[in-house]
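S.K.: this is the structure alone, sequence omitted:
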């Protein structure tokens, strides 16, 4: 199965941290994807997908979700080279976004992308977590310069364009659309954050997956659980479909990374 979430690889230099995204959490604590809090058994009297196979329901859910102009993704993802594997972000098809991403139990990055500027703020934990292969002096320099401080770069810069790509909801949903869900089969019902859903389970190569599709309102994809290679489950919940992104850029002392250090 194609990895459905990509996260940035961070490289620390002596002057600052330059986050180079290869392509795309408020919560830095991993939760059990199939815990009772997120998926409670719910036997429903009616079935809006009567006569539809699991594969057909999955395809409908993915196409419906891909049609949203904004949504929120929250949870954990299979480990990436950067080690960043948690996020809570709102994405839009305009390439704007806001939220946090980070490394489970280590730290996080606050991120806000407007139409012309990328803002982010690293905490000390994530700077040290992504700098484990860097020189100690470089890590300390990055911590001194960036920890707890907002920094910005233009969306037209090389780094800024990578962040815009990271935030582009259309590109993000393309990963879902490219995933083979032909093996999806009905596997009962559940509720996800209070919304009733049909549960679908399937296998793609060595990966197992479980999808939760809303049975009330539009058939949005509410949750995606992936077990890469039969390993520990990773899960993302999707919500706040088509809600406007309400966030304001930070103010005050902001480090401009587009200006060379003096």
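M.R.: Okay, I see it. Source: prediction; values computed, not measured. Numbering: from 1, shown residues only.
S.K.: what about the helices in the stretch 151-262 of the chain?
M.R.: Taking DSSP state H, counting those that start in this stretch to define them, one finds helices in the stretch 151-262 of the chain at 158-167, 169-177.
S.K.: buried ones in the first one, by neighbour count?
M.R.: Judged by neighbour count using 16 or more other Cβ atoms under 10 Å, the buried positions of helix 158-167 are 159, 160, 161, 162, 163, 164, 165, 166, 167. Yep, even glycine has a C-beta here, placed from its N, CA and C like the rest.
S.K.: check the shortest one too.
M.R.: The neighbour-count check on helix 169-177 (16+ other Cβ under 10 Å) flags 169, 171, 172, 173, 175, 176 as buried.
S.K.: pLDDT (mean, whole number) over it?
M.R.: Mean pLDDT, computed over helix 169-177, is 89.
S.K.: do stretch 242-255 as well
M.R.: Across stretch 242-255, the per-residue pLDDT values average to 91.
S.K.: quick one, what contacts residue 97?
M.R.: Contact analysis of residue 97 by Cβ atoms under 8 Å, 6 or more residues apart in numbering lists 89, 90, 91, 111, 112, 113, 166, 167, 245.
S.K.: between these, which sits nearest residue 193?
M.R.: For the contacts of residue 97, the residue nearest residue 193 by Cβ to Cβ is residue 90; the value is 15.3 Å.
S.K.: in space, what's closest to the closest one - neighbours in sequence excluded?
M.R.: Of all residues not flanking residue 90 in the chain, residue 72 sits nearest, at 4.8 Å (Cβ to Cβ, 6 or more residues apart in numbering).
S.K.: that neighbour is in contact with residue 244, isn't it?
M.R.: No - here residue 72 does not reach residue 244: they are 11.9 Å apart, not a contact under Cβ atoms under 8 Å.
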